[in-house]
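1. Coordinates for the following, if possible.
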Amino acid sequence: MSKAERLFNLYTLLRARRTAITADAIASALEVSVRTVYRDVQALTLSGVPIEGEPGVGYLLRPGYELPPLMFNAEEVLSLMVGIRMVRAFTDPDLARAAQQAEQKITSVLTEPLKARAENQPYRIPVLAQDDALREVHRTLRVACEAQRKVHAIYVDEQQKRTERMLWPLGIIGWTGRWTLLAWCETRRDYRNFRFDRFEALTCLDARFTPTPDISIRHFFETVIGVPDKG
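-> Purely as a prediction, here's the structure:
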């Protein structure tokens with residue numbers, strides 16, 4: 001991570017808070033050393049960012065220091081916060097970390113009234129340890145979709161029948177209450193949806209595939225489901 005990126009992340013972390021935060025907590029949140037936190041706080045202060053506090057006590061961005069406003073209304077802020085919490089609870093660890101960073105950046109540019117609304121929003125979406133295995137499945141399949149890499153899978157259907165499949169992972173679809181992988185199954189020579197919780201084993205292969213006009217997530221939505229693919 002470059003120094004500029006570190007300084008920006010430190011600024012957004014401080015800007016998102018209403019109370020002081022210790023150097024140890026900053027170091028843990030940004031995954032740097034406490035010594036680096038001290039240096040970066042000093043660098044921001046010398047550049048004109050009004051940070052109050054001292055080592056061992058905590059740091060706080062001086063009230064009233066504002067960036068040019070990014071204009072959100074209360075409902076837009078709520079929708080973003082709910083979406084971020086859903087990403088953290090229901091996708092994979094890498095996206096969860098990115099969502100948390102995004103939340104800090106969004107919060108850092110809110111006005112004080114909107115920040116208070118965001119902190120007191122009513123939605124609670126717990127991150128449960130029992131879902132850790134599903135989050136790892138999600139990460140494997142997301143990476144495979146993005147890289148267009150074939151997946152070898154052992155899948156157990158609702159009749160408890162175990163099958164071995166070679167899949168082209170085309171996309172991840174969120175249905176009510178669950179995720180499924182939309183894939184082209186080489187075994188069946190057709191589209192199939194696979195529930196994440198029914199994969200018994202997954203291996204992301206080096207072999208790649210190339211979607212075609214007749215084998216793609218857009219084609220599936222338009223010809224099988226009968227709705228436009230709007231992403």
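
2. got the buried residues for stretch 133-153?
-> By 16 or more other Cβ atoms under 10 Å, the buried positions in stretch 133-153 come out as 134-135, 137-142, 144-145, 149-151, 153. Heads up, the C-betas are built off the backbone N, CA and C, glycines and all.

3. Just the residues contacting that stretch, thanks.
-> 90-96, 164-172, 179, 181, 183, 194, 196-197, 199, 201-211 (Cβ atoms under 8 Å, 6 or more residues apart in numbering).

4. Any chance of a PyMOL selection covering the buried ones in those?
-> Applying 16+ other Cβ under 10 Å to these, the buried members can be selected in PyMOL as follows:
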select buried, resi 90+91+92+95+96+165+166+167+168+169+170+171+172+179+181+183+194+196+199+202+204+209
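
5. Export the buried residues of stretch 133-153 as TSV, with columns for pLDDT and secondary structure.
-> Putting these into TSV (pLDDT from 0 to 100; DSSP: H, G, I helix; E, B strand; the rest coil) gives the following:
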residue	pLDDT	secondary structure
Leu134	93	helix
Arg135	94	helix
Val137	96	helix
His138	96	helix
Arg139	96	helix
Thr140	97	helix
Leu141	97	helix
Arg142	97	helix
Ala144	97	helix
Cys145	97	helix
Arg149	97	strand
Lys150	98	strand
Val151	97	strand
Ala153	97	strand
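
6. doesn't Ala96 fall inside a helix?
-> Yes: assigned with DSSP: H, G, I helix; E, B strand; the rest coil, Ala96 falls within a helix.

7. got the contact list for the nearest residue to it once chain neighbours are set aside?
-> Take Ala96 and drop its neighbours on the chain: the residue closest to it by Cβ to Cβ, 6 or more residues apart in numbering is Arg88, 4.4 Å away. Each residue near Arg88 by Cβ under 8 Å, 6+ apart is listed here: 96, 99-100, 125, 127.

8. how close does Arg88 sit to Ala144?
-> 21 Å (Cβ to Cβ, to the nearest Å).

9. Now do the SS call for Arg192.
-> When classified by three-state DSSP, Arg192 comes out as strand.

10. so which helix or strand takes in the residue nearest to Ala96?
-> Using DSSP states H and E, Arg88 maps to helix 74-90.
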